[in-house]
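Colleague: I would like the atomic coordinates for the input below:
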Amino acid sequence: MSIDFDVLGIGNALMDILVPVEDAFLSEHGLDKGSMALIDNDRVRVLGKAFNSSSEAPREIAGGSAGNTVVGIAKMGVSAAYLAKIGQDGVGTRLAEGYREAGLHFSSTPSTTGTPSGQCLIAVTPDGQRTMSTCLGTNTEFGLEDINEEEIKRAGTIYLEGYLFDDESAKAGFVKAAEIAQANDRNVALTLSDSFCVGRHRASFAHLVDHHVNILFANEDEMMALAEANDLDTAIKAFAREGLTLCVTRSEKGSLIIDSGTRYEIPAAPVEKVVDTTGAGDQYAAGVLAGRAKGLSWDKAGYLGSLAAAEVISHFGARPEKRVELPE
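Modeller: Below you'll find the predicted structure:
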């Protein structure tokens, strides 16, 4: 079967609602700076009211971690698609419209259970740190029936979001998607998403990486959590093997890419001012995967990832505002 999508993402469908706030806002509403907390619908209503009373109007963007990555890929002129679970509500309708308007192929069928679509309320402080309060909504229903076999066969690479891994049904869906991709000689990429998520499911993640993944994205903390190691080099050695490419981000220190025994040290791209760190890792992955789809070497694809991360942290929101290219 021919490849129609260079990358197909599978992850949470979340309406990102961003608002700039002062640090006092976090204290007032019991928010732990820089964290991601899961909340229920009652908490969404309370925080939503507080967001709306902020001095600046909230900004609404169809997001989710893997969703932001594949949008970034599409912005670089690479074909991309997305699989995710939305509800039959206004938020779900706007999510589907938002993904399609951003250039994605999105054909997921809305849930019929009445569960509301997912939302992520993101408070951004003046230092660029984001504090996220996430209501997963219909994303908790994602399972085997949401894996579109024909679309996976049409993708050169599938990109799996670790945040979606919290439910057993989603784990089964990931394995099914990976098996379909492997059977059709496609790439399987995974982002670990969050060190606490890795801590909850370390054995399952390790099994997925060992048996189904050939491109792994992680930051330093996530990589060490996966390997149960106290330093990054030990963690890398635990998983470095033929057939698995490790892409490890290190904030201002750039990133490391380890492929078939070759280690590339990728510098961070310069940023005049950090405005909002939301989506830096997502856009790094977008740059790497888009670069590989364009035929770039791992080191050049890695630097495209650095440029994409630098672009997104220079403004509010987790999506790129301009196309990112390697300099001539």
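Colleague: pLDDT score assigned to Met1?
Modeller: At Met1, the predicted lDDT confidence score is 66.
Colleague: so which residues of the protein form helices?
Modeller: 23-28, 41-52, 65-75, 90-101, 149-153, 168-183, 195-200, 202-212, 220-227, 232-239, 280-293, 298-312 (DSSP state H).
Colleague: by contact count, what packs against the fifth one?
Modeller: Counting contacts by 3 or more C-beta pairs under 8 Å, 6 or more residues apart in numbering; DSSP states H and E, helix 149-153 is packed against strand 5-10, helix 168-183. For the C-beta atoms, the positions are set from N, CA and C on the backbone; glycine is no exception.
Colleague: okay if I get these as a markdown table plus mean neighbour count, distance to Val312 and mean pLDDT?
Modeller: As requested, the helices and strands packed on helix 149-153 are arranged in a markdown table below (neighbours: other C-beta atoms under 10 Å; distance: least, C-beta to C-beta, whole Å; pLDDT from 0 to 100):
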| stretch | mean neighbour count | distance to Val312 | mean pLDDT |
| --- | --- | --- | --- |
| strand 5-10 | 28 | 16 | 97 |
| helix 168-183 | 19 | 26 | 94 |
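Colleague: redo the helices of the chain as a markdown table? Include distance to Arg263.
Modeller: Listed next are the helices of the chain as a markdown table, based on distance: least, C-beta to C-beta, whole Å:
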| stretch | distance to Arg263 |
| --- | --- |
| helix 23-28 | 39 |
| helix 41-52 | 43 |
| helix 65-75 | 24 |
| helix 90-101 | 36 |
| helix 149-153 | 31 |
| helix 168-183 | 26 |
| helix 195-200 | 22 |
| helix 202-212 | 18 |
| helix 220-227 | 14 |
| helix 232-239 | 8 |
| helix 280-293 | 15 |
| helix 298-312 | 10 |
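Colleague: closest to Phe5 out of those?
Modeller: Minimum separation from Phe5 across the helices of the chain (C-beta to C-beta) falls at helix 149-153, 7.4 Å.
Colleague: give the rounded mean pLDDT of that closest one.
Modeller: What helix 149-153 shows for mean pLDDT is 96.
Colleague: shaky segments in the stretch 201-328 of the chain?
Modeller: Filtered on pLDDT under 70, the stretch 201-328 of the chain yields the residue ranges 328.
Colleague: isn't Asp194 right up against Gly162?
Modeller: Yes - assessed by C-beta atoms under 8 Å, Asp194 is found in contact with Gly162 at 6.6 Å.
Colleague: so those two - more neighbours on which side?
Modeller: Gly162 (25 against 20; other C-beta atoms under 10 Å).
Colleague: contacts only, for the more buried one.
Modeller: Contact analysis of Gly162 by C-beta atoms under 8 Å, 6 or more residues apart in numbering lists Leu190, Thr191, Leu192, Ser193, Asp194, Cys197, Val198, Phe205.
Colleague: could you identify the most distant pair in those?
Modeller: Greatest spatial distance in these: Leu190 and Asp194, 12.8 Å, computed using C-beta to C-beta.
Colleague: hang on, the earlier thing: for Arg94, which of the helices and strands packed on helix 149-153 is the nearest?
Modeller: That would be strand 5-10 among the helices and strands packed on helix 149-153, by C-beta to C-beta, at 18.5 Å.
Colleague: mind listing what Asp4 touches?
Modeller: Ser79, His105, Arg154, Ala155.
Colleague: let's see it at 7 Å
Modeller: Applying C-beta atoms under 7 Å, 6 or more residues apart in numbering to Asp4 gives the contacts Ser79, Arg154.
Colleague: touching, Gly11 and Thr69? I think so.
Modeller: No - taking C-beta atoms under 7 Å as the definition, Gly11 is not a contact partner of Thr69, at 8.1 Å.
Colleague: which one's more surrounded, these two?
Modeller: The neighbour count for Gly11 versus Thr69, taken as other C-beta under 10 Å, is higher for Thr69 (33 against 30).
Colleague: right, and the more buried one touches Ala286 too?
Modeller: Yes - if you go by C-beta under 7 Å, Thr69 and Ala286 touch, sitting 4.7 Å apart.
Colleague: please enumerate the shared neighbours of these two.
Modeller: Any residue near both Thr69 and Ala286 by C-beta under 7 Å, 6+ apart counts here, and not one turns up.
Colleague: center of the protein, which residue is that?
Modeller: Nearest to the geometric centre of the chain sits Ser65, at 2.8 Å (C-alpha atoms, centre = their mean).
Colleague: CA-only coordinates of stretch 214-231 in CSV, if you can.
Modeller: Extracted in CSV, the C-alpha atoms of stretch 214-231 (Å, rounded to 0.1, in the frame of the first residue of the first chain):
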residue,chain,number,x,y,z
ASN,A,214,12.1,2.0,16.6
ILE,A,215,12.2,5.8,17.4
LEU,A,216,11.9,7.0,21.0
PHE,A,217,11.5,10.6,22.1
ALA,A,218,12.1,11.5,25.8
ASN,A,219,13.6,14.2,27.9
GLU,A,220,16.3,13.4,30.5
ASP,A,221,14.0,12.8,33.4
GLU,A,222,11.7,10.5,31.3
MET,A,223,14.7,8.5,30.0
MET,A,224,16.1,8.0,33.5
ALA,A,225,12.6,7.0,34.8
LEU,A,226,12.2,4.4,32.0
ALA,A,227,15.6,2.9,32.8
GLU,A,228,15.3,3.3,36.5
ALA,A,229,18.7,5.0,36.4
ASN,A,230,20.3,7.9,38.3
ASP,A,231,22.1,9.4,35.4
